[in-house]
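Q: What follows is a predicted structure for the sequence shown.
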Amino acid sequence: MDDLDGPEVAKTIYKELFKGGPFDPDDVPYALDAAVQSLRARKLPPSRWATYIHMGV
């Protein structure tokens, strides 16, 4: 996990979580997926995006 990616991932996750109204915990994995997809779109190696996984209920 690269330290440079953390702020971008967090920004994308929070933007996704609060874009459509009240917070819904069911949206967390989708927000993380959007953040990972933004890293992948930049053609970064898997070592930069594959470490972000959702482990939750």
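A: Here it is on my side, so go on. Since the model is a prediction, treat every value here as computed from it, not as a measurement.
Q: And the nearest residue to residue 49 once chain neighbours are set aside, which helix or strand is it part of?
A: Take residue 49 and drop its neighbours on the chain: the residue closest to it by Cβ to Cβ, 6 or more residues apart in numbering is residue 39, 4.0 Å away. For the C-beta atoms, the positions are set from N, CA and C on the backbone; glycine is no exception. Taking DSSP states H and E as the definition, residue 39 sits inside helix 28-41.
Q: Please put the alpha-carbon coordinates of that helix into CSV.
A: This file holds the C-alpha atoms of helix 28-41, laid out as CSV (Å, rounded to 0.1, in the frame of the first residue of the first chain):
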residue,chain,number,x,y,z
VAL,A,28,-19.3,1.1,1.9
PRO,A,29,-18.2,-1.7,-0.4
TYR,A,30,-19.4,0.2,-3.5
ALA,A,31,-17.5,3.3,-2.3
LEU,A,32,-14.3,1.4,-1.9
ASP,A,33,-14.8,-0.2,-5.3
ALA,A,34,-15.1,3.2,-6.8
ALA,A,35,-11.9,4.3,-5.1
VAL,A,36,-10.0,1.2,-6.3
GLN,A,37,-11.4,1.6,-9.8
SER,A,38,-10.0,5.2,-9.9
LEU,A,39,-6.6,3.8,-9.0
ARG,A,40,-6.8,1.1,-11.7
ALA,A,41,-7.9,3.6,-14.3
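Q: Go through it and flag the buried ones.
A: 28, 31, 32, 34, 35, 36, 38, 39 (16 or more other Cβ atoms under 10 Å).
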